[in-house]
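Peer 1: no sequence on this one, just coordinates:
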């Protein structure tokens, strides 16, 4: 008789910014400076590790958000730590939780990325993850000596080549290359070092990397795009996918599509985890949780609301009729196509005016679980069983209380049901996620 191990959720915490909700920093009792306060961030990650979260996830921006200054002045994202600097510090106050940083393939170089992530993986004892992004904000170009943002198609083509170069650099040395033989005076064996000598369409990198192979072989690869090129890149390269479906139906389509593409690319379905972003608001009653959401949304100023809608659309929405429908003749944009498609679908599905749409986007417009620990656990279990997700990237409504509600109330309920671990499976992020350690492509 064979038995199957019950499926368990994977949970990562979205922590840059510490909340995706625009009104989070204004909520009563919230830490208004949490994005830029090391003491607070150390407290958050130690609580998350005690709750056995898989990883602490940091998004990143290479420019301030492209919105009018009247809206920007209300955003907590204007000042945040650079991810590698912060995660290196946090690696020293934790021992198990994964450390995921976002890094751009458009505005950085493969050698830099490979070296930083290898360093973080060694500093943390094998807990690093790289969230591959191509950068959606066109204003980033102007911070890197460029007048125009690279077009969407070229960004993803460069990203695919960039991945090959970075992983090739991580394989510069065999795991046993460093002998450190005092008697012979040989520190490493040259025949166990590989010079990449890559020359491609977008990149030219000689190598080798000047750091030993990472503890995990390669840090875990995360990918965040949902456009067709983004899905294909995820299927070919990613081991975890950060995504933002709004409902179970669209989540199941995304899940099946990306995993199907992964199988077609010769990969195992189980070696790629789909982790949708979800705002989680916990109350002792459903009514209390809904009241928290309403109060939180009330802290979003209209300036921020219309600016957030503009960012999502990739075009200035401030001139639209607030009480009319979203115009159908929107200009083409070089920003995120997935984000724009989501706006258009929401406006059509719910018949929202520009004002109503802006208010939704000004707070948090994505997937939200709002309820008691029991009702939220019910919903998460359905998503897991019906293959809408392998887990969730949880975004908190405000901190610290919103985070505390999740780790003190929701996580114990998930553990009681056998849906979430009570102890870590190992010490590396790959072990937490059930992922194999990649072999070295150049050495047996």
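Peer 2: Yes, it's here. Given the structure is predicted, the values throughout are model-derived calculations rather than measurements. Numbers count the residues shown, from 1 in each chain.

Peer 1: which element follows the strand ranked longest in the chain toward the C-terminus?
Peer 2: Longest strand in the chain, counting residues (DSSP state E): strand 273-282. Following strand 273-282 in sequence order, the next helix or strand is helix 286-297 (DSSP states H and E).

Peer 1: so that next one versus strand 273-282, what angle?
Peer 2: 100 degrees (axes from the mean of the first three to the mean of the last three CA atoms, to 10 degrees).

Peer 1: contacts for helix 286-297?
Peer 2: The contact list for helix 286-297, computed with CB atoms under 8 Å, 6 or more residues apart in numbering, reads 21, 23-24, 27, 281-283, 359, 363, 368, 370-372, 375, 397-398. Heads up, the C-betas are built off the backbone N, CA and C, glycines and all.

Peer 1: likewise for stretch 77-93?
Peer 2: 16-17, 35-36, 38, 41-42, 45-46, 56, 58, 60-61, 64-65, 72, 99, 101-103, 116, 119-120, 123-124, 127-128.

Peer 1: go with 6 Å
Peer 2: Contact partners of stretch 77-93, identified using CB atoms under 6 Å, 6 or more residues apart in numbering, comprise 16-17, 35-36, 42, 45, 58, 60, 64, 99, 101, 116, 123-124.

Peer 1: neighbours of the residue lying closest to residue 438 once chain neighbours are set aside, how many?
Peer 2: Take residue 438 and drop its neighbours on the chain: the residue closest to it by CB to CB, 6 or more residues apart in numbering is residue 217, 4.3 Å away. When neighbours are defined as other CB atoms under 10 Å, residue 217 has 19 of them.

Peer 1: in a strand, that's where residue 217 is, yeah?
Peer 2: No. Residue 217: not assigned to a strand; according to DSSP: H, G, I helix; E, B strand; the rest coil it is coil.

Peer 1: show me which of the contacts of stretch 77-93 are buried.
Peer 2: Neighbour counting over the contacts of stretch 77-93 (16 or more other CB atoms under 10 Å) leaves 16-17, 35-36, 42, 45, 58, 60, 64, 99, 101, 116, 123-124 as the buried ones.

Peer 1: flag whichever of the residues you listed scores worst on pLDDT.
Peer 2: Across the buried ones among the contacts of stretch 77-93, the bottom pLDDT score, 87, is held by residue 64.

Peer 1: which residues touch it?
Peer 2: Taking CB under 6 Å, 6+ apart as the criterion, residue 64 is in contact with residue 78.

Peer 1: distance of it relative to residue 77?
Peer 2: 8 Å (CB to CB, to the nearest Å).

Peer 1: for residue 157, what are phi and psi?
Peer 2: For residue 157, the backbone dihedrals (degrees, to the nearest 10) come out as phi -70, psi -40.

Peer 1: which ones are touching it?
Peer 2: Counted by CB under 6 Å, 6+ apart, residue 157 has zero contacts.

Peer 1: now do the same for it: its pLDDT.
Peer 2: Per-residue confidence (pLDDT) for residue 157: 95.

Peer 1: and it, how far is that from residue 104?
Peer 2: Taking CB to CB as the criterion, residue 157 is separated from residue 104 by 15 Å.

Peer 1: how near is the residue nearest to the spatial centre of the chain to residue 258?
Peer 2: The structure's the chain has its C-alpha centroid closest to residue 242; by CA atoms, centre = their mean the separation is 4.9 Å. The gap separating residue 242 from residue 258 is 12 Å, by CB to CB.

Peer 1: may I have the phi/psi pair for residue 139?
Peer 2: According to degrees, to the nearest 10, residue 139 has phi -70, psi -20.
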